[in-house]
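>>> Curious how this folds, go ahead:
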Amino acid sequence: MERRVISLWLTHLPIDRLTRGWDKPLQDSRHSPLVATADSRDRQIIMATGREAERAGISAGMTLANARAIQPALRAVTADPVADRLQLDRLVAWSGRYTPWAASEGADGLFLDITGCAHLFGGEKALCSSIAGRLRNLGFALRIALADTPGAAWALSHYGRNGSIVPPAKTVEALVSLPVAALRLDNTTVSALARVGIRRIGELHVMARAPLSARFGPEVGKRLDQAFGALREPISPRMPSAPFRSHIECPEPIALREDVGRGLDRLLDDLCKRLDSAGRGARRLCLSLYRVDGEIIEIAVGAARPVCDPIRLARLFGERLGGFDPGFGIEAMTLTAPVSQPLPTADTKPLLAPTEEPEKHNRLLAQELAPLVDRLGNRVGFDRVVRLSAVASHLPERAARPRPALASSLRFAWPCGPARPLRLLDRPERIEPIPSPPPEGGDIPPERFRWRRVDHYILTAEGPERIAPEWWAAGLPGLRGTRDYWRVEDGEGRHFWIFRHGLPRENRTLEWFLHGLFA
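Numbers count the residues shown, from 1 in each chain. Sure, this is the predicted structure:
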């Protein structure tokens, strides 16, 4: 497939709309002409002009004093290169509605690699007309050209006829009559070539490369090779290109949530067919909505496991489609799957008991839990949806650790043992036994205890359960000594898990702590 590249040259930014707002008409006569200026030594130079200023005969490069001599009512604002760069980045993102391979070029241009994309928009001529027309409606003045290489497209957009479309393999004929400056050479090299009588690309193209490089440097030969396709010039997109992508253009701008949902359904059906044919499922999806005013709304969802089911994916988007501002309407929608993985083998057998085939049981249980994890993860973040995994440790605070909810190595069956509370405190909290100290010489809890300034009378107690740290962790801070745990119930039916730190026979004061709460 022949490579096809569009070059866009923005001859001036729409500073009228940037300063007044996108909802105000450009031909509003109540506003005086506007220019953006920058300091240069002791003068103010015009960097960009608005529509009214341009119609008055004012152009970039003029001094502000000379411009005001032409138009006394001229308004001036300070140029902001950072804002211009951000605006250019937004245009690169906006170009994603036509192709995923778009990048900025310099301070006032864009490259769009539309290889394999033109047929989606009615052909190359219709695609170029759509891009130019929409940008002009947004207030940009521009020149556009389409060719086989970025270098050739740039040369034609800057020095050729505006709107030029060079047929495949016709690059040489299109460039030979253009000046050598169209090869993106610096002024010094252009002047040196002019001194020896070389002013056109055709004159330069027929010369031998070795003496040319020896006299004018390697840049001349490099630019020639890039323009004619002998040396490939890559275009680095703003974001990595997603291998799975689906796009639709709306016949009329839409603003209702129901219409956006119908468009999303079409995109999901198309994208899932492509994923299914490749044997892959989406782990992350991004929906881009292109508004009439040039703004882009991006809605991203994730999945805990690879998914290729449009109905299930539509549910993930359902909670996000109502929280955006459609503005004056949405005219295009793009759905991409930037992250995908091979689909796991589907298992339709009923869920087994944990003891029959543990690995198969865990896999089936993960399939059952995946839709729930998807919904929770898109609400609170997938890093916050976890399950507890058993760890070989006697101490309760070390016996489990959080793991991703559907981790492949996670054991869903919990080891059997004494009852543990569903809720453990972050760290054991000291309680005051009453009477203090409690009776010595017996493995019994106190009659009552005070926790967080509230007294709790113990009616029943079950225990003790003696727990000691592993020998390799016995010396760590907070893990020294033996604990005796009791499960106790107070007069209001609340169940607590308390423990005594140390042994009664040890010659020191015993300490009591509350470690957990039973449901």
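
>>> what's the closest non-adjacent residue to Met47?
Distances taken as CB to CB, 6 or more residues apart in numbering put Ala79 closest to Met47, at 4.3 Å, once the chain neighbours are dropped. For the C-beta atoms, the positions are set from N, CA and C on the backbone; glycine is no exception.

>>> Now do the same contact list for that neighbour.
By CB atoms under 8 Å, 6 or more residues apart in numbering, the contact list for Ala79 reads 36-38, 47-48.

>>> do Asp269 as well
Residues in contact with Asp269, defined by CB under 8 Å, 6+ apart, are Pro310.

>>> Then it would be within a helix, right?
Yes. Counting by DSSP: H, G, I helix; E, B strand; the rest coil, Asp269 is located in a helix.

>>> what separates it from Leu376, distance-wise?
Applying CB to CB, to the nearest Å, one obtains 26 Å for the distance of Asp269 from Leu376.

>>> Tell me which residues of the strand or helix carrying Asp259 come out buried.
Taking DSSP states H and E as the definition, one finds Asp259 inside helix 257-277. The neighbour-count check on helix 257-277 (16 or more other CB atoms under 10 Å) flags 259-260, 263-264, 267-268, 270-272, 274-275 as buried.

>>> repeat for stretch 303-323
303-310, 312-314, 316-317, 321.

>>> Could you save the residues you listed as JSON lines and add columns showing pLDDT?
Shown next, in JSON lines, are the buried residues of stretch 303-323 (pLDDT from 0 to 100):
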{"residue": "Ala303", "pLDDT": "87"}
{"residue": "Ala304", "pLDDT": "81"}
{"residue": "Arg305", "pLDDT": "83"}
{"residue": "Pro306", "pLDDT": "89"}
{"residue": "Val307", "pLDDT": "88"}
{"residue": "Cys308", "pLDDT": "91"}
{"residue": "Asp309", "pLDDT": "90"}
{"residue": "Pro310", "pLDDT": "92"}
{"residue": "Arg312", "pLDDT": "88"}
{"residue": "Leu313", "pLDDT": "91"}
{"residue": "Ala314", "pLDDT": "91"}
{"residue": "Leu316", "pLDDT": "88"}
{"residue": "Phe317", "pLDDT": "90"}
{"residue": "Leu321", "pLDDT": "82"}
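
>>> Inside helices: which ones of the residues you listed?
Where the buried residues of stretch 303-323 overlap with helices, as defined by DSSP state H, the overlap consists of 310, 312-314, 316-317.

>>> Need the phi and psi values for Phe499.
Dihedral pair for Phe499: phi -140, psi 160, per degrees, to the nearest 10.

>>> does it have beta-bridge partners, and which?
Beta-bridge pairing for Phe499 (DSSP bridges): Tyr485, Phe513.

>>> so it makes contact with Asp484?
Yes. Using CB atoms under 8 Å, Phe499 is in contact with Asp484, at 6.0 Å.

>>> Please say which of the two ends up with more neighbours.
Legend: neighbour count by other CB atoms under 10 Å for Phe499 and Asp484, higher for Phe499 (24 against 20).

>>> Who wins on neighbours among the contacts of Ala79?
Neighbours here mean other CB under 10 Å. Within the contacts of Ala79, the largest count is held by Ala48, at 25 neighbours.

>>> What is the one helix or strand it maps to packed up against?
Take DSSP H and E as the rule and Ala48 turns out to sit in strand 43-49. When contacts are defined as 3 or more CB pairs under 8 Å, 6 or more residues apart in numbering; DSSP states H and E, strand 43-49 sits against strand 34-40, helix 64-70.

>>> Export these as TSV, with columns for mean pLDDT and distance to Ala83.
Below are those laid out as TSV (pLDDT from 0 to 100; distance: least, CB to CB, whole Å):
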stretch	mean pLDDT	distance to Ala83
strand 34-40	86	10
helix 64-70	90	19
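
>>> To Pro469, which of those lies closest?
Closest approach to Pro469 among those is made by strand 34-40 (69.4 Å; CB to CB).

>>> Distance from the closest one to the middle of the chain?
Distance, stretch centre to chain centre, for strand 34-40: 35 Å (CA atoms, centre = their mean, to the nearest Å).

>>> what's that strand in contact with?
Looking at strand 34-40 with CB under 8 Å, 6+ apart, the contacting residues turn out to be 13, 15-16, 19, 44-50, 52-53, 58, 64, 67, 74-80.

>>> the domain parsing of the chain - what is it?
As assigned by automatic domain parsing, the chain contains the domains 174-228, 253-342, 347-417, 423-517.

>>> Comparing the ones you listed by mean pLDDT, which bottoms out?
For these, the weakest mean pLDDT is recorded on domain 347-417, namely a mean of 69.

>>> ok, which stretches of the stretch 151-300 of the chain are helices?
With DSSP state H, counting those that start in this stretch as the definition, the stretch 151-300 of the chain shows helices at residue ranges 171-175, 187-195, 201-205, 209-216, 218-228, 257-277.

>>> so which of the helices and strands packed on strand 43-49 is the most packed in?
Of all the helices and strands packed on strand 43-49, strand 34-40 carries the top mean neighbour count, a mean of 18, counting by mean count of other CB atoms under 10 Å.

>>> angle of it against strand 43-49?
Inter-element angle recorded for strand 34-40 and strand 43-49: 140 degrees (by axes from the mean of the first three to the mean of the last three CA atoms, to 10 degrees).

>>> Tell me the strands beside strand 34-40, with direction?
In its sheet, strand 34-40 lies beside strand 43-49 (antiparallel), strand 75-78 (parallel), with partners assigned from DSSP bridges.

>>> tell me which residues in stretch 228-245 are buried?
Neighbour counts over stretch 228-245 (16+ other CB under 10 Å) mark 228-229, 233, 235, 237, 242, 244-245 as buried.

>>> Could you identify the most distant pair in those residues?
Phe228 and Phe244 (33.9 Å).

>>> returning to that earlier point: compare the helices and strands packed on strand 43-49 and give me the one nearest Glu331.
Smallest distance to Glu331 across the helices and strands packed on strand 43-49 (CB to CB): 27.8 Å, for strand 34-40.

>>> CA atoms only for that closest one, dumped as PDB, please.
Once side chains and other backbone atoms are set aside, the C-alpha atoms of strand 34-40 remain, and they are given as PDB (Å, rounded to 0.1, in the frame of the first residue of the first chain):
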ATOM      1  CA  LEU A  34      -6.900  42.100  17.200                       C
ATOM      2  CA  VAL A  35      -3.200  41.100  17.000                       C
ATOM      3  CA  ALA A  36      -0.800  39.200  19.200                       C
ATOM      4  CA  THR A  37       2.600  40.800  19.700                       C
ATOM      5  CA  ALA A  38       6.100  40.000  21.200                       C
ATOM      6  CA  ASP A  39       8.900  42.200  22.300                       C
ATOM      7  CA  SER A  40      12.000  42.400  19.900                       C
END
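
>>> ok, back up a step: now the strand holding Ala48: buried residues?
Within strand 43-49, the residues scored as buried using 16+ other CB under 10 Å are 44-49.

>>> OK, contacts around Glu462?
Taking CB under 8 Å, 6+ apart as the definition of contact, the neighbours of Glu462 are 486-488.

>>> buried stuff in the helix or strand where it lies?
Using DSSP H and E, the secondary-structure element containing Glu462 is strand 454-467. Buried residues in strand 454-467, defined by neighbour count with 16+ other CB under 10 Å: 456, 458, 463-464, 467.

>>> partner strands of that strand, parallel or antiparallel?
Here strand 454-467 is paired, per DSSP bridges, with strand 448-451 (antiparallel), strand 483-490 (antiparallel).

>>> Mind checking these for the one nearest to Thr171?
Thr171 lies closest, by CB to CB, to one member of those: strand 483-490, at 81.4 Å.

>>> what's the closest one in contact with?
Outside of strand 483-490, the residues that reach it under the criterion CB under 8 Å, 6+ apart are 419, 443, 445, 456-468, 495-501, 515, 518.

>>> Apply 7 Å and report the result again.
Residues outside strand 483-490 that contact it (CB atoms under 7 Å, 6 or more residues apart in numbering) are 419, 443, 445, 456-467, 495-501.

>>> Equivalent analysis for stretch 179-197, please.
The set of residues that contact stretch 179-197 without belonging to it, under CB under 7 Å, 6+ apart, is 151, 154-155, 158-159, 198-201, 204, 216, 219-220, 223-224, 227.
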